[in-house]
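*Asks:* No sequence on hand, only this structure:
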């Protein structure tokens with residue numbers, strides 16, 4: 001498998017990949033083990049009209065989780081997810097994986113309701129099951145007020161609150177998301193713990209990539225790069241690479257033997 005040089009990614013993605021560990025998705029109603037590693041998404045070459053995978057994670061139980069974000073429900077998206085799974089299998093089977101378990105997670109923004117979605121397809125030879133989260137079910141304003149109060153009083157944020165913070169902008173409808181992203185970024189900049197602040201800012205950038213304003217994204221990346229954490233990543237991660245061998249090493253750390261022979 002080809003390796004990804006970290007210098008080919010921006011600093012926000014570097015920080016996100018390093019720090020987005022031991023995080024649970026349970027806050028969105030997805031009952032899965034914690035994330036222990038952010039995996040590279042350099043899957044086998046795709047055709048020009050295919051979308052890239054949003055995020056790929058190694059879970060605590062050794063399974064690989066794909067996360068995709070949707071602002072609308074389309075039946076054809078099931079084919080896209082099958083394409084993701086095929087490319088993941090192509091990568092890991094090619095690198096000697098005897099067995100691999102994949103979880104397909106779809107996070108729907110506030111414009112999509114649960115009643116509108118079919119979470120998978122069954123065509124006989126192939127069955128696709130998706131884990132779906134619906135941000136329309138989150139109490140956006142209640143969460144925003146809670147997070148703002150904790151930041152103002154200097155209280156620590158829990159892992160669940162960090163996840164709420166990162167996806168808070170997408171819990172607003174499309175016509176409100178731009179303002180919600182800007183508000184969340186400004187609120188995050190007031191967090192006194194720089195590690196948490198940078199994690200949340202980088203998470204917002206990564207998760208809101210499809211909808212964030214280019215200028216706001218650029219300014220936020222500049223802010224991250226000026227922090228102590230951002231400078232350290234820029235200096236120390238310049239030559240770091242992520243490869244399949246690192247996936248195996250990460251998997252060994254969680255004591256799983258079910259994915260790789």
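*Replies:* Arrived safely. The model shown is predicted, which means the values in this text are computed figures rather than measured ones.

*Asks:* Below-threshold pLDDT in the stretch 151-261 of the chain: ranges please.
*Replies:* For the stretch 151-261 of the chain, the stretches flagged by pLDDT under 70 are 229-261.

*Asks:* so where do the strands sit in the stretch 51-200 of the chain?
*Replies:* 55-59, 64-70, 102-108, 120-122, 127-134 (DSSP state E, counting those that start in this stretch).

*Asks:* Mind putting those strands into a markdown table with mean neighbour count and mean pLDDT?
*Replies:* C-beta: built from backbone N, CA, C; applies to glycine. What follows is those, written out as a markdown table (neighbours: other C-beta atoms under 10 Å; pLDDT from 0 to 100):
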| stretch | mean neighbour count | mean pLDDT |
| --- | --- | --- |
| strand 55-59 | 22 | 84 |
| strand 64-70 | 21 | 88 |
| strand 102-108 | 21 | 93 |
| strand 120-122 | 13 | 94 |
| strand 127-134 | 16 | 94 |
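
*Asks:* Export those to a markdown table and append columns for distance to residue 89.
*Replies:* Shown next, in a markdown table, are the strands of the stretch 51-200 of the chain (distance: least, C-beta to C-beta, whole Å):
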| stretch | distance to residue 89 |
| --- | --- |
| strand 55-59 | 13 |
| strand 64-70 | 10 |
| strand 102-108 | 8 |
| strand 120-122 | 17 |
| strand 127-134 | 13 |
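
*Asks:* and residue 202, which of these is closest to it?
*Replies:* Shortest separation from residue 202 across the strands of the stretch 51-200 of the chain is recorded for strand 55-59, at 12.3 Å, computed as C-beta to C-beta.

*Asks:* what's that closest one packed up against?
*Replies:* strand 35-39, strand 64-70, helix 244-253 (3 or more C-beta pairs under 8 Å, 6 or more residues apart in numbering; DSSP states H and E).

*Asks:* Settle this for me: residue 203 is touching residue 164, isn't it.
*Replies:* No. Counting by C-beta atoms under 8 Å, residue 203 stays clear of residue 164, with 10.9 Å between them.

*Asks:* next helix or strand past whatever helix or strand residue 201 lives in?
*Replies:* For residue 201, the element it lies in under DSSP states H and E is helix 194-207. Reading on from helix 194-207 to the C-terminus, the next helix or strand found by DSSP H and E is helix 214-226.

*Asks:* So what's the residue count around residue 119?
*Replies:* 14 (other C-beta atoms under 10 Å).

*Asks:* Next, give phi and psi for it.
*Replies:* phi -90, psi 70 (degrees, to the nearest 10).

*Asks:* Thanks a lot, catch you later.
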